[in-house]
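Trainee: Test case, fold it:
(2 chains)
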Amino acid sequence: MKDHTRIEELLALDALDGLDGGDADELRRALHDHGPACPECASLRAEFAETAGLLAFALEPEPVRLAVEAGRLTGASAADQPTSLASHRRRRPSLLAAAAVAAALVIGGIAGANLAERRGTGASDLAALLAEPGTRIVRFEGSSGAVAMAVSADGSRSYLVGRDLAAPPADKVYEVWSITGTTPTSIACITPTNGSIDETLQTSLAGASVVAVTVEDASCPSAPTTDPILTATIE
Amino acid sequence: MSGLELVEATQSDAGPGSVVDLTMEAPREHEQDRDLLRRIGRSDAEAYRALFDRYAPTAMALAHRVVRQRTLAEESVQETFLQIWRDPDRYQDDRGSVRAWIMTMVHNRAVDALRREVSQRRRTEQAMADDQLVDDPAPGIVDAIDLPGKRAAVRAALGSLPHEQLEVLELMYFGGLSQSQVAAKLSIPLGTVKSRTLLAMRKLKVQLEEHR
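Mentor: Next up, the predicted model:
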């Protein structure tokens, strides 16, 4: 049986991300020498990783700004948010960058999007909207991709984000409708770019109870002609 | 909260001599996590959110503790969970639990961020601004996702370590220092750091076995 004394010491340090210098190389060599099938090495590695992973639970959990909303996804008021972005904005005028990170977390919770994919005006619009108190994140349910929308407290402004969307058929677009009572109103016609949508919606959603997406002719009809593929309830 | 404060908190959390029995919960938790990962592999956003809700607050606490700067901590958590969403198959069952995998990734990223020179500069620049931010514990939300029994057990295990071992472990894991940096900070030989680390991890491994 091979001696694991040294490997155990190095694996303990490695599990805590404490290795440096030549010891990291020594550990790699030692594990290589023992081979990938060495059960003792595998056991030691897993046990120390498990132990180190538990240490984080000694800490008090911290709210993840807005990302908690991504978990709940709908209806959270500003008071329910783990941290008031509005109050942060007063304390730190340069919050926009942080809000953009938070936005990425929100969208990450919905579609695995990356902030790096959304730099520019759209990202600024979204970040600004998310930095406002009362902005809600509304998730769409349906058969295509992952879509969510940030809606300002009064419904006057909104931002639509979609990922992994199939391209509509030729000469077709995705048409977005706000539905007030039973009356649908067209608010945008959109064609995803590489399966993604990042769009500031120009029409107020105030009073609307549902937002729906249908596949329509590229002429953007004034009333839906097909069943919705995505719907979201605005609370 | 320092390591010593963690130990002190043990008393109020668990109470002297209290025993937290999670032995029946750990396997079920692990299986639930693996199921969530399988569903994430099928682009199930609900599963992603469930995993996020379960572990992001603890991951955030860990990253924040290591990098001491909220934005960098958020980035570490963000990168980790985006990685999980995009490539859940990277999880290897034989390497441990999903929970340990997530915390390892977050810790790796936080330590990398801490050690990058550019991050050091950003930390310095933003430290004062971050000090102005008042953490909102949002107790209702935290309670909903908390694992108080596990926290008490881990704190109790840490509290059982001799001071010199706890000190090394605290600096290395929660402080993000390498073994050499720990040795320099404490003015002790590198070999002593290694031996204390090993002794601490052996003891913790035994004490926390039922919670793994």
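Trainee: any idea how far the residue nearest the centre of chain B is from B:His211?
Mentor: Centroid check for chain B by CA atoms, centre = their mean gives B:Leu62 as the closest residue, at 4.3 Å. According to CB to CB, to the nearest Å, B:Leu62 and B:His211 sit 17 Å apart. To be clear about C-beta, it is placed using only N, CA and C from the backbone, and glycine gets the same treatment.
Trainee: if we can go back for a sec, quick check: nearest residue in space to the residue nearest to the centre of chain B, chain neighbours excluded?
Mentor: A:Ala56 (4.0 Å; CB to CB, 6 or more residues apart in numbering or on different chains).
Trainee: wait, what's in contact with that neighbour?
Mentor: Going by CB atoms under 8 Å, 6 or more residues apart in numbering or on different chains, A:Ala56 touches B:58-59, B:61-62, B:103, B:106-107.
Trainee: Verify the contact between A:Ile197 and A:Val147 for me.
Mentor: Yes: counting by CB atoms under 8 Å, A:Ile197 touches A:Val147, with 7.2 Å between them.
Trainee: The two: who's more crowded?
Mentor: A:Val147 (28 against 21; other CB atoms under 10 Å in any protein chain shown).
Trainee: near chain B at all, the helix or strand that contains the more buried one?
Mentor: In this assignment (DSSP states H and E), A:Val147 forms part of strand A:146-151. Yes: counting by CB under 8 Å from any CB of the partner chain, chain B has neighbours in strand A:146-151: A:Ala146.
Trainee: Return the list of helices and strands in contact with that strand.
Mentor: helix A:95-111, helix A:121-130, strand A:136-139, strand A:158-163, strand A:230-233 (3 or more CB pairs under 8 Å, 6 or more residues apart in numbering or on different chains; DSSP states H and E).
Trainee: That strand pairs with which strands?
Mentor: Its sheet considered, strand A:146-151 pairs with strand A:136-139 (antiparallel), strand A:158-163 (antiparallel) by DSSP bridges.
Trainee: Next, format those as JSON lines and append distance to A:Ile7, mean neighbour count and mean pLDDT.
Mentor: Converted to JSON lines, the strands paired with strand A:146-151 look like this (distance: least, CB to CB, whole Å; neighbours: other CB atoms under 10 Å in any protein chain shown; pLDDT from 0 to 100):
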{"stretch": "strand A:136-139", "distance to A:Ile7": "47", "mean neighbour count": "21", "mean pLDDT": "78"}
{"stretch": "strand A:158-163", "distance to A:Ile7": "43", "mean neighbour count": "25", "mean pLDDT": "84"}
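Trainee: could these go into TSV alongside distance to B:Leu72?
Mentor: Output for the strands paired with strand A:146-151, formatted as TSV (distance: least, CB to CB, whole Å):
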stretch	distance to B:Leu72
strand A:136-139	24
strand A:158-163	24
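Trainee: Make sure A:Ala167 is indeed in a helix.
Mentor: No: under DSSP: H, G, I helix; E, B strand; the rest coil, A:Ala167 sits outside any helix and is assigned coil.
Trainee: wait, what's in contact with it?
Mentor: Counted by CB under 8 Å, 6+ apart, A:Ala167 has contacts A:191-192, A:195.
Trainee: So which of these wins on neighbours?
Mentor: A:Pro192 (21 neighbours).
Trainee: coming back round to it: average pLDDT for the strand holding A:Val147, rounded please.
Mentor: Mean pLDDT, computed over strand A:146-151, is 82.
Trainee: go on, stretch B:203-212?
Mentor: The average of the pLDDT scores along stretch B:203-212 is 85.
Trainee: how about that stretch: buried residues?
Mentor: B:203-205, B:207-208, B:211-212 (16 or more other CB atoms under 10 Å in any protein chain shown).
Trainee: Determine the longest helix present in chain B.
Mentor: Assignment by DSSP state H gives helix B:45-67 as the longest helix of chain B.
Trainee: And that helix, what does it pack against?
Mentor: helix A:67-72, helix A:95-111, helix B:25-40, helix B:70-86, helix B:98-115, helix B:139-145.
Trainee: Could you tell me the least trusted of those helices?
Mentor: Mean pLDDT is lowest for helix B:139-145 among those, at a mean of 32.
Trainee: any idea how far A:Ser219 is from the residue sitting furthest away from the middle of chain B?
Mentor: In chain B, counting by CA atoms, centre = their mean, B:Arg42 sits farthest out from the average C-alpha position, at 27.4 Å. With distances taken as CB to CB, B:Arg42 is found 36 Å from A:Ser219.
Trainee: now do A:Glu26
Mentor: 69 Å.
Trainee: same question, A:Glu175
Mentor: 10 Å.
Trainee: More neighbours: those two, which one.
Mentor: Remark: of A:Glu175 and A:Ser219, A:Glu175 carries more neighbours, 27 against 9, as counted by other CB under 10 Å.
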